[in-house]
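[1] 3D model of this:
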Amino acid sequence: MSTTATLSAILLLPAVLGLASCCGSRCQKAPVVEKETPPQRLVVSIPDQKMLTFEGEKMKRRYPVSTSRFGVGDKPHSNLTPLGRLEVVGIIGQGLPKGMRLYSREPTGEILKPNTTIGDAIVTRIVRLRGTEPCNARTFQRCIYIHGTTDEKGLRKPVSWGCVRMGSSDIIHLCRWVKPGAEVDIVEEPLPPTKFQATVGRLFHWGSVAEQ
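    A predicted model of the protein is given here:
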C-alpha cells in the first residue's frame, strides 16, 4: 500500500485492516489486524511542518511545528526525526510557567523568552514518545520528544535537532488535552486541508478532503 493511501487510512478510517506501515518502505507490511480508532491521535506532517490532532475521528486543531534539519530516520546520534507510529508515554512539566527551561527533563529555574538565542533549548513542556515499529524503535532511548522551543521564528521550517518543536503556548494547550497512550504518526505526506481550503478547492474544482 502506498504512503498516500496509508495516510488516508490514518486520517479517515475507523478500522484499519492490514495497513502498510507509515514508514513506507522503511518497515515491512504490518500483519492483518482490526483496530478501533484511538481516542486521541496526533499526526505530524514533515512536508507541511504542522501537527493535526484528533479526538476519535474528529479533527481538532492544527499547530505549527518544526522537525529535524537533518531529515528523517532513527539512527543513533543522527539528530533525525523518526517516522511512523509512535505513542505518548508521559507528559513532563505540567504546571511549570511558560518558558521554563528543562534539562534532563528537570526544570532548571531559568525562564527563557521566545526567540532567545540559546542553542537547542527545551522549554515549557515535554511530551515523551516511544516508537512502536522497527523503523522508530530507538525513539525513547534517543530522547526524541515533542517539546516547547524558544525558536518560535523557526516553526513551520525543518530546523530542529531531531525532536518535534512547538511554541510554548501551543504545547501548553496540547498538554492540557493529550494523555499517555495517545497515538502519534509522523508522516511524509501533506495533511488534509482546512474547511476554508476545501471550500475554495470545491469552487475551483480541486480534489480535496475536508475537515468534518
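
[2] roughly how far apart are the residue most central in space within the chain and Pro114?
    Of all residues in the chain, the one closest to the mean position by CA atoms, centre = their mean is Val44, 3.6 Å from it. As judged by CB to CB, to the nearest Å, Val44 and Pro114 stand 21 Å apart. All C-beta atoms are positioned from the backbone trio N, CA, C, and that covers glycine.

[3] Over to Ile126?
    Applying CB to CB to Ile126 and Pro114 gives a distance of 17 Å.

[4] More neighbours: those two, which one.
    Ile126 (21 against 16; other CB atoms under 10 Å).

[5] A helix includes that one, no?
    No - under DSSP: H, G, I helix; E, B strand; the rest coil, Ile126 sits outside any helix and is assigned strand.

[6] Might one say that it is in contact with Gly93?
    Yes - contact criterion CB atoms under 8 Å: Ile126 and Gly93 qualify, at 5.8 Å.

[7] list residues touching both of those two?
    Residues touching both Ile126 and Gly93 (CB atoms under 8 Å, 6 or more residues apart in numbering) are Leu102.

[8] Could you pull out the helices in the chain for me?
    Applying DSSP state H to the chain gives helices spanning 3-12, 168-177, 195-203.

[9] model confidence over the shortest one, on average?
    The pLDDT scores in helix 195-203 average 57.

[10] what do you get for the second one?
    Helix 168-177 comes out with an average pLDDT of 98.

[11] contacts for that helix?
    In contact with helix 168-177 (CB under 8 Å, 6+ apart) are residues 40, 53, 60-61, 63-64, 91, 93-94, 98-99, 114, 123-125, 127, 146-149, 152, 166.

[12] hey, where'd the strands end up in the protein?
    Taking DSSP state E as the criterion, the chain contains strands spanning 40-45, 50-55, 58-64, 84-92, 100-103, 106-111, 122-131, 145-148, 164-166, 183-187.

[13] can you list those in JSON lines and add distance to Pro158?
    Putting the strands of the chain into JSON lines (distance: least, CB to CB, whole Å) gives the following:
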{"stretch": "strand 40-45", "distance to Pro158": "11"}
{"stretch": "strand 50-55", "distance to Pro158": "12"}
{"stretch": "strand 58-64", "distance to Pro158": "12"}
{"stretch": "strand 84-92", "distance to Pro158": "17"}
{"stretch": "strand 100-103", "distance to Pro158": "22"}
{"stretch": "strand 106-111", "distance to Pro158": "27"}
{"stretch": "strand 122-131", "distance to Pro158": "18"}
{"stretch": "strand 145-148", "distance to Pro158": "15"}
{"stretch": "strand 164-166", "distance to Pro158": "10"}
{"stretch": "strand 183-187", "distance to Pro158": "12"}
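
[14] quick one, which of those is nearest to Arg156?
    strand 58-64 (4.7 Å; CB to CB).

[15] Can you point out the buried residues in that closest one?
    Applying a neighbour-count criterion of 16 or more other CB atoms under 10 Å, one finds Met59, Arg62, Tyr63, Pro64 buried in strand 58-64.

[16] for the chain, which spans come out with low pLDDT?
    Scanning the chain with the threshold set as pLDDT under 70 gives 1-38, 195-212.

[17] Swap in 80 and give it another go.
    1-38, 117-119, 194-212 (pLDDT under 80).
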